[in-house]
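*Asks:* quick one, structure for this:
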Amino acid sequence: MNRVSIFVDGANMYYAQKRLGWFIDYRKLLCYFRTTLGMQVADAFYYTAVDPAAKGRDATFHDYLLHSGYVLRTRPIKGCCDAREEPPWERIELAVEIAIDALLTLDHYDVCAILSGDGNFERLVEVLRAKGKRVMILAHPEMTARELRIAVGPHFYDLRDLERYIARTDRAPEPCMHDKPHAPEPSHHDE
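*Replies:* As a prediction, this is how the structure comes out:
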């Protein structure tokens, strides 16, 4: 039985879920690897930036991840002096932490599953494959860097194909403006 270690890029998955229109149930994700793919989950890591001043929903989600069996890796959002337009968590780069953990835990797994489409993982994929590891990328194809797709080869998993296995059924993201149902067209006999 292959051992798998799972590395979730939280920011990348946040935006992927917004585009998908459904949320990932991270417990179901572990079950997908165990049951559907027949692997033994060696480690599961979730990486995210956190605002130390914010409480509430993030803390609840982090507790859920911890109780589900994930190791939570966080970096605090730091204030910046520049006038960038994007939210502060956009400036927190966690790819280095993911790469370090993937390399430090090489002996724990046969398969490395990375949930991210970030092109920064291209070199990590190449190194892991050179070390004899199978690498899987699970991401939204429209949000996956071309160089990462080339590096991972046939082991790319489109999140859209995994919805029935890993989607939350208790809650969905808010619909986008263009996803709202249209008002019914007036019928001609009302005139």
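
*Asks:* what about the helices in the protein?
*Replies:* Ranges of helices in the chain, per DSSP state H, are 10-20, 26-31, 57-68, 95-104, 122-130, 146-152, 163-166.

*Asks:* those: lowest mean pLDDT?
*Replies:* Mean pLDDT values for the helices of the chain show the minimum at helix 57-68, a mean of 90.

*Asks:* determine the set of other helices and strands touching that helix.
*Replies:* helix 26-31, strand 40-50, strand 71-76 (3 or more Cβ pairs under 8 Å, 6 or more residues apart in numbering; DSSP states H and E). Where you see a C-beta, it was placed from the backbone N, CA and C, and this is true even at glycine.

*Asks:* nearest to residue 112, out of those?
*Replies:* Closest to residue 112 of the helices and strands packed on helix 57-68, according to Cβ to Cβ: strand 40-50, at 9.9 Å.

*Asks:* packing partners for that closest one?
*Replies:* strand 3-9, helix 10-20, helix 26-31, helix 57-68, strand 71-76, helix 95-104.

*Asks:* give me whichever of the ones you listed is most buried.
*Replies:* strand 3-9 (a mean of 23; mean count of other Cβ atoms under 10 Å).

*Asks:* before we move on, the earlier item: make TSV from the helices and strands packed on strand 40-50 and add distance to residue 126 to it.
*Replies:* As requested, those are exported to TSV (distance: least, Cβ to Cβ, whole Å):
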stretch	distance to residue 126
strand 3-9	16
helix 10-20	19
helix 26-31	25
helix 57-68	29
strand 71-76	23
helix 95-104	11
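
*Asks:* I'd like the distance between residue 52 and residue 62.
*Replies:* 13 Å (Cβ to Cβ, to the nearest Å).
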